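Visitor: Below is the sequence, then the predicted model.
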Amino acid sequence: MVLFSGRLQGPDLDPSRVSIDIDDGRFRVAAGRRQLGSWPLEAIKTERRSIYRFGLDIDGDQFDFIPDDPSKFSDIIGAVIDLTSSSRFGLKERLERASGN
């Protein structure tokens, strides 16, 4: 079991503190003692939107998750950034400028 705490927010959800439990191929979300839902891990689509923020697509609903430990969350959930193309981080563009390309 891997447990993450952080803030979850969505279009119809005020930012709230939650815990996300990833275990046995399941993605479970709880706010305090209240269980908000459980889904198969492969049903969760994750995009790293910034260093600290992740976009979660859960059954077609869009949420932002800001974990207390973004590096570990990224490793466990498998959210990667494609640095071979333009990205929101602008790393490719900064490298090209630095190398004179």
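Guide: Great, that's in hand.
Visitor: Average pLDDT for stretch 10-20, rounded please.
Guide: The average of the pLDDT scores along stretch 10-20 is 86.
Visitor: wait, Thr46 sits on Gly55?
Guide: Yes: contact status for Thr46 versus Gly55: in contact at 7.0 Å, counting by Cβ atoms under 8 Å. C-beta here means a position set from N, CA and C on the backbone, and glycine is covered the same way.
Visitor: Those two: which has the busier surroundings?
Guide: More crowded of Thr46 and Gly55, by other Cβ atoms under 10 Å: Thr46, with 19 against 15.
Visitor: And the pLDDT at the more buried one?
Guide: The model's pLDDT for Thr46 equals 92.
Visitor: Need the three-state assignment for the nearest residue to Ile77 once chain neighbours are set aside.
Guide: Of all residues not flanking Ile77 in the chain, Thr46 sits nearest, at 4.9 Å (Cβ to Cβ, 6 or more residues apart in numbering). What DSSP: H, G, I helix; E, B strand; the rest coil gives for Thr46 is strand.
Visitor: before we move on, what about the one 10 residues further on?
Guide: When classified by three-state DSSP, Leu56 comes out as strand.
Visitor: Number of residues surrounding the nearest residue to Ser38 once chain neighbours are set aside?
Guide: Distance criterion Cβ to Cβ, 6+ apart; nearest residue to Ser38, sequence neighbours excluded, is Arg28 at 4.5 Å. Other residues within reach of Arg28, judged by other Cβ under 10 Å, total 18.
Visitor: is it fair to say Arg28 lies in a strand?
Guide: Yes: assessed with three-state DSSP, Arg28 lies in a strand.
Visitor: Just list the residues touching it, thanks.
Guide: 20-22, 35, 37-39 (Cβ atoms under 8 Å, 6 or more residues apart in numbering).
Visitor: And the residue nearest to Ile77, how close does it get to Arg34?
Guide: 23 Å (Cβ to Cβ, to the nearest Å).
Visitor: Can you get me a residue count around Gln9?
Guide: Gln9 has 15 neighbours, counted by other Cβ under 10 Å.
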